[in-house]
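> below is the structure, and that's it, no one-letter string:
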């Protein structure tokens, strides 16, 4: 006999601390599960098995564009990401042909070939960050993990992201499921959009050989995107470029500290880095669930009838732990080579920065393990906490002793 | 303006993102392992070529290759 509800309320405090028992319950008992999303209290479905998530992300019967396809209830609850701000126009929520036109403008900067040029700068950034971690009075891996994507993205965009910590706080408020007040979410998205506007204004004054200048040229020179789309592009690069990678790095370091055999394996076997990074993306991918998808018509999905406009959440972190897909899925094994995960999404909206995320993780995680082989957590790991953010699984802090207890 | 183009997917570069088959299912399909492959090695007409070039421009691994076949150059 199965229980009628997951062991923790979905997207509640306990769920965020450890979502995996709830994911397991969903996969076993209700793979396309209807529940009330805590923000807005609206009817939502969450999809948790690998095959279903994979299908959903590539299914043309669904769109991630709320203005065209979401239920009135969803729009009225201001559930659209960035509702009432320039963030409404981020590429993540556009359909073709707008999606295609805008993705092409940014994609060329993030192909594996183009990303390879950031290999040496990323190494230098990581080494400097490790120096600072060692000297810090209260060394924290979450700080280390945050500075790396901020500095790498800063180099690609063409300016130092001085306000990246403000942006990380804004992102946390923007995707929080227990907001301080009704307007907190909109204000947080507006803060991110406004930073984008400031950076664009600066770069218009001082163009250079960087991605921001190329995007401004596409706007001002060729009219291939409008001003709102330009601001949204900067905002999404800041949002998607910072927090996801920070969480991938920080949560993975924690997982390795808890599994010294894997820590030692990574430290002594640099040849395993490629399979290790794929395993980190599967096990602790920066993104917990994808953006809402909306049924474009009344339809059936995984045996469940969904009304037109129904918001559906692809639980990628659950898909990546599905035993139907992965043998012994809750075991972190950096020698695992198959099969493919959905940690970077799938289909139209697959991660544009995938090659950069792989680069940053492949440098930052092995480097900390090699520099501080005896590192230990500075607090009992069961005291560590995760933010109440629906999009990402975000450690609040990870204090460490870089040279261990000795 | 070429009316035909060769279409190929570099199978080693492909990261199985599924973008090609989602954006242009008439031109691409996925193999059992999720790797993209063209349905036909040749695309014809401006609309098909533009669609193929859209996919090439959006592919996260830069694995889609569209090469115009210039008129009179076919042998």
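Received the coordinates, thanks. Just so you know, these numbers come straight off a predicted model, no measurement behind them.

> the longest helix along chain B close to chain A?
Counting by DSSP state H, the longest helix found in chain B is helix B:46-58. Yes: counting by CB under 8 Å from any CB of the partner chain, chain A has neighbours in helix B:46-58: B:54, B:57, B:58. No exception for glycine: its C-beta is placed from N, CA and C like everyone else's.

> count of residues packed around residue A:275?
Look at residue A:275: counted by other CB atoms under 10 Å in any protein chain shown, it has 16 neighbours.

> burial of residue 41, as a residue count?
Looking at chain A here, since you left the chain open. Residue A:41: 10 neighbours (other CB under 10 Å).

> wrong one, I was asking about chain B
Counted with other CB under 10 Å, residues neighbouring residue B:41 total 10.

> distance of it from chain A?
23 Å (CB to the nearest CB, to the nearest Å).

> want to throw the residues of helix B:46-58 next to chain A into CSV with pLDDT?
Compiled in CSV, the residues of helix B:46-58 next to chain A are given as follows (pLDDT from 0 to 100):
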residue, pLDDT
B:54, 97
B:57, 97
B:58, 97
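
> among these, who's most crowded?
In these, the most neighbours by other CB under 10 Å go to residue B:58, 27 neighbours.

> which residue is the nearest non-sequential neighbour of that residue?
Nearest non-adjacent residue to residue B:58, counting by CB to CB, 6 or more residues apart in numbering or on different chains: residue A:103, 4.7 Å away.

> that neighbour contacts residue A:91, doesn't it?
Yes: the criterion here is CB atoms under 8 Å, and residue A:103 meets it with residue A:91 at 5.8 Å.

> show me what contacts residue B:31?
Neighbouring residues of residue B:31 by CB atoms under 8 Å, 6 or more residues apart in numbering or on different chains: residue B:37.

> pLDDT score for it?
For residue B:31, the model assigns a pLDDT of 93.

> mind checking how far it is from chain A?
12 Å.

> joint contacts of residue A:103 and residue A:91?
With CB under 8 Å, 6+ apart as the test, residue A:103 and residue A:91 both reach residue A:352.

> where does the stretch 201-350 of chain A come near chain B, residue by residue?
Residues of the stretch 201-350 of chain A lying near chain B (CB under 8 Å from any CB): A:340, A:344, A:345, A:346, A:347, A:348, A:350.

> please render those residues as a markdown table that adds pLDDT and neighbour count to the earlier fields.
Shown next, in a markdown table, are these (pLDDT from 0 to 100; neighbours: other CB atoms under 10 Å in any protein chain shown):
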| residue | pLDDT | neighbour count |
| --- | --- | --- |
| A:340 | 93 | 19 |
| A:344 | 96 | 24 |
| A:345 | 96 | 25 |
| A:346 | 97 | 27 |
| A:347 | 97 | 25 |
| A:348 | 96 | 25 |
| A:350 | 97 | 22 |
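
> those residues: which two are farthest apart?
The most widely separated members of those, counting by CB to CB, are A:340 and A:348 (17.2 Å).

> quick one: the strands in chain B, in order.
Ranges of strands in chain B, per DSSP state E, are B:4-9, B:28-30, B:36-38, B:42-44, B:64-69.

> now, of those, which is deepest in the fold?
For those, the largest average neighbour count (mean count of other CB atoms under 10 Å in any protein chain shown) is found in strand B:36-38, namely a mean of 21.

> so which bits of chain B are right by chain A?
Within chain B, the positions lying close to chain A (CB under 8 Å from any CB) are B:13, B:15-19, B:21-23, B:25, B:33-34, B:54, B:57-62.

> please pick the buried ones from the residues you listed.
Among the residues of chain B next to chain A, the ones that count as buried by 16 or more other CB atoms under 10 Å in any protein chain shown are B:13, B:15-19, B:21-23, B:34, B:54, B:57-62.

> can you name the residue of the stretch 151-300 of chain A nearest to chain B?
residue A:278 (10.1 Å; CB to the nearest CB).

> need phi/psi at that residue.
Backbone dihedrals for residue A:278, given as degrees, to the nearest 10, come out at phi -60, psi -40.

> what about it, how many residues close to it?
The tally of other residues near residue A:278 (other CB under 10 Å) stands at 20.

> so the nearest residue to it once chain neighbours are set aside, which of the three states?
Closest residue to residue A:278 apart from its sequence neighbours, by CB to CB, 6+ apart: residue A:341 at 6.7 Å. Three-state call for residue A:341 (DSSP: H, G, I helix; E, B strand; the rest coil): coil.

> residues contacting residue A:246?
Residue A:246 makes contacts with A:142, A:145, A:146, A:148, A:149, A:168, A:286, A:394, as judged by CB under 8 Å, 6+ apart.

> meant to ask about residue A:38, not that
A:9, A:10, A:11, A:12, A:177, A:178.

> what separation do you get for residue A:167 and residue A:390?
Remark: distance between residue A:167 and residue A:390 (CB to CB, to the nearest Å) = 18 Å.

> more neighbours, these two?
residue A:167 (25 against 20).

> what does the helix or strand harbouring the more buried one contact?
Using DSSP states H and E, residue A:167 maps to helix A:164-174. For helix A:164-174, contacts defined as CB under 8 Å, 6+ apart pick out A:81-82, A:146-147, A:150, A:154, A:161, A:179-180, A:184-185, A:187-189, A:191-192, A:195, A:238-239, A:242-243, A:246, A:387, A:389, A:394.

> now stretch A:112-123, how far from the chain's geometric center?
Centroid displacement of stretch A:112-123 relative to its chain, using CA atoms, centre = their mean, to the nearest Å, is 20 Å.

> any idea how far residue A:362 lies from residue A:394?
According to CB to CB, residue A:362 stands 21 Å off from residue A:394.

> so between these two, which is more surrounded?
residue A:394 (24 against 17).

> touching, that one and residue A:245? I think so.
No: using CB under 8 Å, residue A:394 makes no contact with residue A:245, being 11.6 Å away.

> dump the residue contacts of residue B:53.
Residue B:53 touches residue B:66, counting by CB under 8 Å, 6+ apart.

> got it, and residue A:390?
Here residue A:390 is in contact with A:11, A:39, A:175, A:177, A:288, A:289 (criterion: CB under 8 Å, 6+ apart).

> for residue A:224, same thing?
Residues in contact with residue A:224 (CB under 8 Å, 6+ apart) are A:101, A:105, A:218.

> one step back: show the pLDDT at the residue nearest to residue A:278.
Value for residue A:341, per-residue pLDDT: 96.

> with residue A:78 instead?
In this model, residue A:78 carries a pLDDT of 89.

> same question for residue B:72.
The model's pLDDT for residue B:72 equals 61.
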